[in-house]
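A.B. asks: next comes the sequence, and after it the predicted model I'd like to discuss.
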Amino acid sequence: MVYKKVSFVGGGRIVRIVLNGWKRKNALPAEIKAVEIKPEVAERLKKQFPGALVSTTVEDLKGSEIIFLAVHPPAMPDILPKLKSLIAENTIVCSFVPKFSLSKLMEALGGYNRIIRMNPLATSYVNAGYNPASFGPGISPEDKNKFLQQMAVLGQAPEVQDELIEVYASISAMGPSYFWFLFYELVNLGESFGLTREQALEAVSNMLIGAAKTMAESGLSPDEVMDLIPTRPLAEEEEKIKETFRQKIQGIYNKLKS
């Protein structure tokens, strides 16, 4: 059994990612509502998902079984008081928003504790997400099972401690953005060397899947894994790249935790 009446506060990227993951598996809820104040974002959402009812008023979400918060953190102080007035006793609130812990959300919602936090990964778009979740004290085992059943369509949804959500946001949810531009550059190089676009995409994507599997399943240390390939063309630049990497991602984490 899954939620049939699903709503979103926000209508941008993460909403399209979640809905597309469900759509790919024929698992779209019977009723989808979204609140989005930017006309161009609302139009894009309606075009991609014609069955969604998109409005500009949070009050239109009344009666939803589960409400997903999918906005930027600065919008939350305005949204949470409005949400507080319309959630019913059996409503689940799931926040995709960093910086707002379970305790902070409960306080803003007047002690309401049927709350979940989740950190969705963009790869949920193709049902390959790794989407950690933490659960408030008002979430029963039945609630949890129902939620996880619905979100399993998008990929893995491990339960984690609430204070770790921002860690996952920094290293996994944002992780593809650190590398995708390089992966696509490999595809471009493959084309320039004579592969078709399709051949280059297949080669690079399968290489990435295998590289991840080797890291996770080989039992080798990082040095041993990297020693499986006899040459390292970027060896002279590695320390510089790693230092940039550390500084940038530490900055992201600090910002999310502030």
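C.D. replies: Cool, the structure landed.
A.B. asks: nearest spatial neighbour of Ser64, skipping sequence neighbours?
C.D. replies: Of all residues not flanking Ser64 in the chain, Ser7 sits nearest, at 3.9 Å (CB to CB, 6 or more residues apart in numbering). In this view, the C-beta of every residue, glycine as well, is placed from N, C-alpha and C.
A.B. asks: burial of that neighbour, as a residue count?
C.D. replies: When neighbours are counted by other CB atoms under 10 Å, Ser7 registers 25.
A.B. asks: and for the one 3 residues further on?
C.D. replies: By other CB under 10 Å, 23 other residues sit near Gly10.
A.B. asks: is it in contact with Ala70, as I believe?
C.D. replies: Yes. Gly10 lies in contact with Ala70 (CB atoms under 8 Å); the separation is 3.6 Å.
A.B. asks: pLDDT at Thr57, what is it?
C.D. replies: Predicted confidence (pLDDT) for Thr57: 92.
A.B. asks: got a list of what it touches?
C.D. replies: Val35 (CB atoms under 8 Å, 6 or more residues apart in numbering).
A.B. asks: now with 10 Å, please.
C.D. replies: Going by CB atoms under 10 Å, 6 or more residues apart in numbering, Thr57 touches Val35, Ile37, Lys82.
A.B. asks: and Val15, by the same measure?
C.D. replies: 8-9, 32, 34, 36, 41, 45, 48-49, 52, 54, 68, 70-71, 96, 120.
A.B. asks: swap the cut-off to 6 Å and go again
C.D. replies: By CB atoms under 6 Å, 6 or more residues apart in numbering, Val15 lies in contact with Phe8, Ala70.
A.B. asks: mind checking how far it is from Gln150?
C.D. replies: Distance from Val15 to Gln150, counting by CB to CB, to the nearest Å: 15 Å.
A.B. asks: just the contacts of Thr57: which are in helices?
C.D. replies: Among those, DSSP state H puts Lys82 in helices.
A.B. asks: distance-wise, check Arg13 relative to Val204.
C.D. replies: On the measure of CB to CB, Arg13 and Val204 end up 23 Å apart.
A.B. asks: can you list the domains in this structure?
C.D. replies: 5-162, 175-257 (automatic domain parsing).
A.B. asks: quick one, which of those gets closest to Tyr168.
C.D. replies: Checking the domains of the chain against Tyr168 by CB to CB gives domain 5-162 as the closest, at 4.6 Å.
A.B. asks: and the end-to-end length of that closest one?
C.D. replies: Start to finish, the residues bounding domain 5-162 are 26 Å apart (CA to CA, to the nearest Å).
A.B. asks: now do the helices in the stretch 51-200 of the chain.
C.D. replies: Here the stretch 51-200 of the chain has its helices, by DSSP state H, counting those that start in this stretch, at 76-84, 102-108, 141-151, 165-168, 175-192, 197-217.
A.B. asks: the inter-axis angle of the last one versus helix 175-192?
C.D. replies: Orientation check (axes from the mean of the first three to the mean of the last three CA atoms, to 10 degrees): helix 197-217 against helix 175-192 gives 140 degrees.
A.B. asks: give the next helix or strand downstream of helix 197-217.
C.D. replies: helix 222-226 (DSSP states H and E).
A.B. asks: any chance of the contacts of Thr57 in TSV, with pLDDT and neighbour count too?
C.D. replies: Shown next, in TSV, are these (pLDDT from 0 to 100; neighbours: other CB atoms under 10 Å):
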residue	pLDDT	neighbour count
Val35	97	24
Ile37	95	14
Lys82	91	14
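A.B. asks: how many residues are close by Gly155?
C.D. replies: 18.
A.B. asks: what score does it have for pLDDT?
C.D. replies: Reading off the model, Gly155 has pLDDT 97.
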